[in-house]
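> Need coordinates for the following:
(chains A and B)
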Amino acid sequence: MTDNPAATSGRAVPDIVLEIPPFHVRVRSPLPAVHAHLNLFYPLQARPAAGKYVDFDVALLPGRGVRRWWRPQCRFALDGDEPFYPLSAGQAAPMFEWGMNWCVAQRPLGHLVMHAAVLAADDRAIMMPGFPGAGKSTLCAALALFDGWRLLSDELAILDPADGQLIAHPRPISIKNASIDIVGAFPGARLGPVYRDTRKGDVCHVVPPPSAMVDAQRRARVAWVVFPRFDATAEPLCEEISRVEAFTLISEQSFNNERMGQLGFQALCGLLDGARCWEIRYRSTEEALALVRRIQENP
Amino acid sequence: MRAATLNLIQALREPAALAHLPGPAWAPLLQSARRCNLIGALAVRSAEAGLALPPPIARHLKGARQVAERQRLSVRWEVAELQRVLGPLGVPVLLLKGAAYVMHDDGLALGRMFGDIDILVPQPALGDVESTLMQAGWFSAKVDDYDQRYYRQWMHEIPPMTHVKRGTVLDVHHTILPLTSRHAPDPARIIARARPVSTGSVVHVPALEDLMIHSLVHLMHEGELHNGLRDLHDVDEMARRFGSDAGFWGRLVEHAAGNDLAQPVAYGLTLVQRVFGTVVPEPVLPTLHPGPLPAWLWPLYRRALGEPEGAVDALAALTVYIRAHALRMPPRLLSRHLAIKAWRGLMPERESRPVPEI
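Residues are numbered from 1 along each chain as shown, chains lettered A, B, ... in the order given. Next up is the predicted model:
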């Protein structure tokens, strides 16, 4: 990590460019928590600040005036504009992750962006749209850590309408509340600090397996769309659903299908053409993994 | 003006030169283009110049282009809705600015981003138009009593209306400039020269000359120059496209002078000439504005346009704001209005929102 004088502010603040495929992200921040986060979760991605086209110019900054010291805050800036309210300084690292999700979801780059976890076995992808509390991130971490799936993204399914394939966007897996203990107990799982009392409760990040970054240029075509639901009290269930139903459910989880218009509609239809869609319900991670294996092996 | 803004202007003036732009210059260029709401225009200009840009840059421009195309489609949809809702009233509905560009000609202002849809209706029909729109799902966005009175007593439009389902914003004007303004153009003349968007439609677009006049007048009376550069670019594009049509400039001068708008049009054309190097034929400016143009015009706008930076630019922007309001209302009303706005500026409504925690 280098200390370059920031060209625009004139003050010396740490300034790096991360390659987080398919983007280059410039991050400037004087906040040590941000650098600790980047060192832990993006160790392979740091690049020299010059040379590459920067897709997102991001800064994590301390609060203004007294909020630098008194109940300190942090601010998120994209291209010098601050789209969000400040958060407490302790949440600087999750703010970077949330802010990056927002960057990717809102900036028009010709992709259809959906809220879903995506993993791949070879070039066949499983896509798990994210309804809050359904347990997609826990299952995503389990598939990546136990069953050798390659992580494309835990939050953002980025579909390129040009070839109908999903683009990898490898970043830490974000888990919340009760999932933190569950994933923390997975053998080999590496977790970052737990951030308490965010608006969504406790939040923690998980280091993805190295394959996520090593093979990040490899795209994958969706073979399975799975809607997971963790329910400790119900009988396990694995039911194939129609593409029409899946289409409706995914549309609810798309960030930009309104902006993408006809192109997005056609891209999503194309994605589903090659896929089989399932709803699964399970009481434990083991049960979920077994169900996904069954789906994967289903002729 | 920031160096980055100047580079953006240069890129729009001479897109072919982008072929030789060094790699590191692209990020600040696109950043400026986004801030000035001109990224779609940049995409169109570079495509017209036949440039093959590196993929990491091309995708940003392509994405902006797609959003602009989508917005054009939604403007067309809203225009169809206006015809359906307001058609039965039988009064002419004139599109202004962005919506008029879309409906005027298939190629005008491609790549432009839209905020809201501006329409103008004859003043006597305003009450009917407003209540008909309300029945069709348009409601007046949150404004307080002072704002309501400000709009209704003094301004040239009613408070913006938002569609309850689609979220699109409609600005309903009943004249070109505020009622309290120094200049008093007659909107009826502009309506009389307009033509329907399709046979039998109540929705109209202004004649090309009136379209340009309105953009210039709006720019010179607009206190906030947030989109000033984009508005100038609109004028530049119109001049490039229609300036060589027989009689265009003659009609522009005639319509402007005949409607008490010669001075703001002359000022605006001077700015667009300075900024974009737009070709305005020799006799146009002297005919509109006999005598030299004020010396403050260019230095002031040069600082306030684009992305103002630093105290001097901020002062210039404030001067433009006050000057625009001085044109819009008499001194006593002006000082009262600015005092109220300044008081509120101390407690601004936040434009940011909570970070989405996904």
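> Give the buried residues for stretch A:190-204.
A:191, A:192, A:195, A:198, A:202, A:203, A:204 (16 or more other C-beta atoms under 10 Å in any protein chain shown). Any C-beta I mention is one placed from the backbone N, CA and C, and that applies to glycine too.
> ah, wrong one, I meant stretch A:121-132
So, applying 16+ other C-beta under 10 Å, buried residues of stretch A:121-132: A:121, A:125, A:126, A:127, A:128, A:129, A:130, A:131.
> Which elements pack onto the helix or strand hosting the fourth one?
Think residue A:127. Under the criterion of DSSP states H and E, residue A:127 resides in strand A:124-129. For strand A:124-129, the elements it packs on are strand A:112-121, helix A:136-146, strand A:221-230, judged by 3 or more C-beta pairs under 8 Å, 6 or more residues apart in numbering or on different chains; DSSP states H and E.
> Residue B:324 and chain A, how far apart?
Between residue B:324 and chain A the distance is 24 Å, computed by C-beta to the nearest C-beta, to the nearest Å.
> Test my guess that that residue contacts residue B:222.
Yes. Assessed by C-beta atoms under 8 Å, residue B:324 is found in contact with residue B:222 at 5.9 Å.
> If the closest residue to residue A:67 other than its chain neighbours is in a bridge, with which residues?
Leaving aside its sequence neighbours, residue A:67 sits nearest to residue A:73 (C-beta to C-beta, 6 or more residues apart in numbering or on different chains; 4.4 Å). Beta bridges link residue A:73 to residue A:88 when assigned by DSSP bridges.
> quick one, which of the helices and strands packed on strand A:124-129 is packed in tightest?
Mean neighbours per residue, mean count of other C-beta atoms under 10 Å in any protein chain shown, is largest over these for strand A:112-121, with a mean of 25.
> Could I get the average pLDDT for that strand?
Looking at strand A:112-121 alone, the average pLDDT works out to 95.
> Mind giving me the packing neighbours of it?
Using 3+ C-beta pairs under 8 Å, 6+ apart as the test, strand A:112-121 ends up in contact with strand A:124-129, helix A:136-146, strand A:150-153, strand A:156-160, helix A:257-273.
> List the buried residues for the third one?
If you call a residue buried by 16+ other C-beta under 10 Å, then strand A:150-153 has these buried ones: A:150, A:151, A:152, A:153.
> Can you name the residues that contact the third one?
When you say that, I think you mean residue A:152. The neighbours of residue A:152, taking C-beta atoms under 8 Å, 6 or more residues apart in numbering or on different chains as the test, are A:118, A:119, A:120, A:125, A:166, A:167, A:168, A:169, A:170, A:212, A:220.
> Among the residues you listed, which one sits closest to residue A:227?
Residue A:227 lies nearest to residue A:118 out of those, by C-beta to C-beta, at 13.8 Å.
> Surely the closest one touches residue A:126?
Yes. Contact status for residue A:118 versus residue A:126: in contact at 7.2 Å, counting by C-beta under 8 Å.
> what is in contact with these two at once?
Shared between the contact lists of residue A:118 and residue A:126 (criterion: C-beta under 8 Å, 6+ apart) are residues residue A:222.
> hang on, residue B:77 in a helix?
Yes. Going by DSSP: H, G, I helix; E, B strand; the rest coil, the assignment for residue B:77 places it inside a helix.
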